[in-house]
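S.K.: Dropping a prediction and its sequence here:
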Amino acid sequence: MLILLLALIAAPAGAGEADGGVGQSSQGSAKKPPGAADAGEDEEALRRELEQALGKDAAAAAAQGQAPQTSPAPPAATGGATPPPPLFRGAQSLNPDISAILDATGGYQRRPLQFPNGDDPILRGEEGKKSVGFTAQEVELAFSAIVDPYFRGDVFLTIPNQEGLEVEEAFATTTSLPWNLQIKGGSFRSAFGRQNGQHLHVQDFTRRPLINSAFLGSDGLRGPGVQVSWLSPLPFFLTLSGEAFSIGAPDQPEAGTTLAPPVASFGGGEPTDLTYAAEAKAFFPFGDAWSVYFGLNGATGVSPGLFQPTDTGVNVIGANRRSYLIGADLYVKWKPPNVAAGYNSLAWQTEAIWRHLEDGLGVPGGWDGGFYSQVVLQVARRWFLGVRGDVLGIPTSSSLGQTVRGGASVTCQLSEFARVRAYLEAEHVSSGPSVPGVTLSPVVPADAFAAFLQLEISIGAHGAHPF
Amino acid sequence: MAMRRLALLAALALCASRPAQAALRVVSSIPTLGSLAKEVGGDRVEVDSLGKGYQDPHFVEPKPSLMLILNKADLLLHVGLELEIGWLPPLVLGSRNPKIQTGEPGNLDCSRAIPVLDVPTTKVDRSMGDIHPQGNPHYWLPPSNARIIAREIADRLSQIDPAGAATYQKNLAAFNAKVDAAEKKWQPMVKKVRGVKIVTYHKSWTYLSQWLGLQEIGYLEPKPGIPPDPDHLFRLIQAIRAEHVQLLLAEDFYNLNTARLVAQKGGAKLLDLPTDVGAKPAIKDWFALVETILQQLSSNAQA
């Protein structure tokens, strides 16, 4: 049914997209001399032929990626003979670029998530039960402008699932420091890995990967802090950055719930305990079409421990242990620069994170980890197919059990400003965290399935995204 | 005291006698602007371009490697009018180069002095397609605009590198003389195409049409950036026949199959034309670019 809905919504796009390769047959059938205003040709026949030719092109475009390139241009029709209008530049203003982005999502899920992200679609439903419904998964309000000759300012406010205004990011970036340095200050997303720095509407799937909430926090590694980054003078692109954050303690679960939330890596200890992160990112272009972007990441902070909900409150197990994260990410993209050759592209993205927690009172420390890998294939100008696999618990530890998840998405990008996405996922929980001498509730059911249809629109002037 | 003064003089002499200053690094968003900078800058500049001539300038991938090129730039030339809005700003910010940030002398919006066409006169929104609210940015082909761009570049180079100001002005005068000579040489071709009726793929030939007196009858895109649909093409073919449109112009980075069908059905000739230096290996500068377009137009137009 989801696919049917998607097809219905995308149907006009399909018709519009039909501007692709014209098959041999249509050319063959048009052998009449190109006499203008050919009286012999039936108008209806021409109309049918155009529809048929463009219809064929859609199939050809899907098969060969032969869809057209179109690009923005001004409106109004000033014919060649018309004199130019007087020089006029639109109303100037010093307002920042303002935009709003909506992710409206509807669907089904077998059970609430074991590793929920702050920007996941939350459907009305009780613990352990299936739910069906709609939600405004996220509303993002973005403001950005150049502040003065020294700073650029960006503010991103989000409302996840219609509840509460959050400061997703609000930061200033320097523009005029010497020695290839750049400083970011305010509250922002860490450069740790690839998906962490991206907002929801840049993701290729409806949900973020499992490693996000398992290791970086349900909102990702983000918070008030400062970042210093340096572009090396080497002949290839290499940046090194260091960050310090004040990460707040995560919310404790309500009394009476059964499932323990994932053990957070950061946000424990004293208010003076900061979270530190460091990243190296290197980029290598191969020819015009291939790009390889590689990152190495590290972070350390204090874990608030395992929250075990009881009927009357919450037991905290293994609080205030130092945590260390090590991560690596790889992004490989193929996209030819001249789209006349076709509108296909391919992007492969993989990230892995390993975590070490020190020994705590009655809780052995140790290593745990996880990764995801995803491939997104652009099959036509407007159509993208994605698959992703997630694994958590390699190895398992007292803080992390084993979970695997598979997801697939079909995205139709109607324009630069609107897209519709169908997303399916299946998750299997093999085990949960296992602390010696403590009984923790298992996730029920172990196998879960979810399906969502997501509509994403962007209005206003929204800044370009980095590669 | 005398010794100290002597040391100071020696230091000054050392400064003065160091080898001639390294060339200024000019980076352009599209190769044509770089080509004009080379005309004006001569040996005093090294020119590099972020986009390629065979690429749609609206859609350049903002690869981090381009930040490296910008990192070492002394002057960034861009088309402006939001042509590069989808990819250039994050590159400029990420370049960590204070010299080329917005508002600095090393950042030149080449549209500054251009008489811009197609400036919307009513409130714009995206139901009109993917529009440029400040006007049509495809302005670099007509000689009058090339002269303006070259003058802007010469003035900016003189500001950044005052020692070369005389050279830049001399080169600018030489460039203008070359344009004069070219215009004289192109005169028969220009005359031949005047009044010719055309249809174009994207609304990016407006400035050329105005210069040459071409009559634009319609566009393959129903709205800028929106792909053609059968109904629109049907009406367009009717118009091509009724108006006796001779030529259908499309940039060589578009997929031309649909354009070919429309041209064939309407009885017009399809020309896939370059719009940027480097679109083909033989198109090495602005003169070759414009001459290629003119030759194609005049040899395919009937008087």
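M.R.: That came in fine, so what should we check first?
S.K.: Please make it C-alpha for all contacts and neighbour counts, starting now.
M.R.: Will do.
S.K.: got the residue ranges for the strands in chain B?
M.R.: Assigned by DSSP state E, the strands in chain B fall at B:24-28, B:45-49, B:75-78, B:107-109, B:197-200, B:215-219, B:247-251, B:269-273.
S.K.: Run the angle between the first one and strand B:45-49 for me.
M.R.: Taking axes from the mean of the first three to the mean of the last three Cα atoms, to 10 degrees, strand B:24-28 and strand B:45-49 form an angle of 20 degrees between their directions.
S.K.: Can you list the strands that strand B:24-28 pairs with?
M.R.: strand B:45-49 (parallel), strand B:75-78 (parallel) (DSSP bridges).
S.K.: Deepest in the core, which of the ones you listed is it.
M.R.: strand B:75-78 (a mean of 24; mean count of other Cα atoms under 10 Å in any protein chain shown).
S.K.: That one - what's its average pLDDT?
M.R.: Regarding strand B:75-78, the rounded mean pLDDT is 98.
S.K.: May I have it as CSV, with CA atoms only?
M.R.: C-alpha atoms of strand B:75-78 as CSV (Å, rounded to 0.1, in the frame of the first residue of the first chain):
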residue,chain,number,x,y,z
LEU,B,75,41.0,36.6,-6.0
LEU,B,76,37.7,34.6,-6.4
LEU,B,77,35.6,35.5,-9.5
HIS,B,78,32.0,34.4,-9.5
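S.K.: Could you list the residues in contact with it?
M.R.: With contact meaning Cα atoms under 8 Å, 6 or more residues apart in numbering or on different chains, strand B:75-78 is reached by B:24-30, B:33-34, B:70, B:84, B:99-100, B:105-110.
S.K.: how about the nearest residue to residue 252, chain neighbours excluded?
M.R.: Using chain A here. Nearest residue to A:Gln252, sequence neighbours excluded (Cα to Cα, 6 or more residues apart in numbering or on different chains): A:Phe307, at 6.8 Å.
S.K.: Chain B is the one I meant
M.R.: B:Asp272 (5.0 Å).
S.K.: okay but the one you found is in contact with B:Leu249, surely?
M.R.: Yes: if you go by Cα atoms under 8 Å, B:Asp272 and B:Leu249 touch, sitting 6.1 Å apart.
S.K.: neighbours of residue 273, just the number please.
M.R.: The chain I'm using is chain A. By other Cα atoms under 10 Å in any protein chain shown, 15 other residues sit near A:Asp273.
S.K.: oops, chain B please
M.R.: 19.
S.K.: Model confidence score at it, please.
M.R.: 93.
S.K.: is it true that it touches B:Leu256?
M.R.: No: using Cα under 8 Å, B:Leu273 is not in contact with B:Leu256, being 11.1 Å away.
S.K.: related to what we said a few turns ago, of the strands of chain B, which is nearest B:Gly129?
M.R.: strand B:215-219 (13.1 Å; Cα to Cα).
S.K.: Go through the closest one and flag the buried ones.
M.R.: Within strand B:215-219, the residues that count as buried by 16 or more other Cα atoms under 10 Å in any protein chain shown are B:Gln215, B:Glu216, B:Ile217, B:Gly218, B:Tyr219.
S.K.: hmm, that strand touching chain A?
M.R.: Yes: Strand B:215-219 lies within reach of chain A by Cα under 8 Å from any Cα of the partner chain, at B:Gln215, B:Glu216, B:Ile217.
S.K.: which one of the buried residues of strand B:215-219 sits closest to A:Asp251?
M.R.: Looking across these and measuring by Cα to Cα, the closest to A:Asp251 is B:Tyr219, at 57.3 Å.
S.K.: Enumerate every residue touching the closest one.
M.R.: By Cα under 8 Å, 6+ apart, the neighbours of B:Tyr219 are B:Val199, B:Thr200, B:Tyr201, B:His202, B:Lys203, B:Leu236.
S.K.: number of nearby residues for A:Pro442?
M.R.: Neighbours around A:Pro442, by other Cα under 10 Å: 15.
S.K.: I'd guessed it sits against A:Gly432; true?
M.R.: Yes: contact criterion Cα under 8 Å: A:Pro442 and A:Gly432 qualify, at 6.3 Å.
S.K.: Let me see the contact set for the nearest residue to A:Arg110 once chain neighbours are set aside.
M.R.: Distances taken as Cα to Cα, 6+ apart place A:Lys130 nearest to A:Arg110, at 4.3 Å, with adjacent residues excluded. By Cα under 8 Å, 6+ apart, the contact set of A:Lys130 is A:Tyr108, A:Gln109, A:Arg110, A:Arg111, A:Pro112.
S.K.: which residues in the stretch 1-150 of chain B form helices?
M.R.: In the stretch 1-150 of chain B, the helices defined using DSSP state H, counting those that start in this stretch lie at B:2-16, B:31-41, B:64-71, B:88-94, B:143-160.
S.K.: helix, strand or coil for A:Asp273?
M.R.: Using DSSP: H, G, I helix; E, B strand; the rest coil, the structure places A:Asp273 in coil.
S.K.: do you know how far it is from A:Pro364?
M.R.: 22 Å (Cα to Cα, to the nearest Å).
S.K.: Then A:Val155?
M.R.: Separation of A:Val155 from A:Pro364 (Cα to Cα): 41 Å.
S.K.: repeat for A:Pro233
M.R.: Taking Cα to Cα, one finds A:Pro233 at 44 Å from A:Pro364.
S.K.: And B:Ala22, by the same measure?
M.R.: 62 Å.
S.K.: Look at these two and report which has more neighbours.
M.R.: Each of B:Ala22 and A:Pro364 has its neighbours counted (other Cα under 10 Å); A:Pro364 has more, 15 against 10.
S.K.: before we move on, back to that, report the beta-bridge partner residues of the residue nearest to B:Asp252.
M.R.: Bridge pairing for B:Asp272 - DSSP bridges - gives B:Ala250.
S.K.: Tell me where the stretch 301-450 of chain A has strands.
M.R.: For the stretch 301-450 of chain A, the strands defined by DSSP state E, counting those that start in this stretch cover A:306-309, A:314-317, A:321-334, A:345-357, A:366-378, A:383-392, A:402-415, A:418-431, A:447-460.
S.K.: most packed of those strands?
M.R.: Among these, strand A:306-309 has the highest mean neighbour count (mean count of other Cα under 10 Å), at a mean of 23.
S.K.: For that one, name the packing helices and strands.
M.R.: strand A:314-317 (3 or more Cα pairs under 8 Å, 6 or more residues apart in numbering or on different chains; DSSP states H and E).
S.K.: check contacts around the residue nearest to A:Gly268 when sequence neighbours are not counted.
M.R.: Computed as Cα to Cα, 6+ apart, the closest residue to A:Gly268 that is not its neighbour in sequence is A:Pro304, at 3.8 Å. Each residue near A:Pro304 by Cα under 8 Å, 6+ apart is listed here: A:249-250, A:263-269, A:318-321.
S.K.: again, 10 Å this time
M.R.: A:248-250, A:263-269, A:316-323 (Cα atoms under 10 Å, 6 or more residues apart in numbering or on different chains).
S.K.: what's the answer for A:Ala172, then?
M.R.: Neighbouring residues of A:Ala172 by Cα under 10 Å, 6+ apart: A:144-147, A:150-155, A:183-188, A:226.
S.K.: Sort out for me which of the residues you listed are in strands.
M.R.: Assigned to strands by DSSP E, the following of those qualify: A:144-147, A:151-155, A:183-188, A:226.
S.K.: By neighbour count, which of those residues wins?
M.R.: That'd be A:Phe188 among those, by other Cα under 10 Å, with 25 neighbours.
S.K.: Okay, it and chain B: tell me how far apart.
M.R.: 16 Å (Cα to the nearest Cα, to the nearest Å).
S.K.: try A:Val132
M.R.: On the measure of Cα to the nearest Cα, A:Val132 and chain B end up 33 Å apart.
S.K.: Which single residue in the stretch 351-467 of chain A comes nearest to chain B?
M.R.: Closest contact between the stretch 351-467 of chain A and chain B, by Cα to the nearest Cα, is at A:Ala464 (5.1 Å).
S.K.: Okay then, goodbye and thanks.
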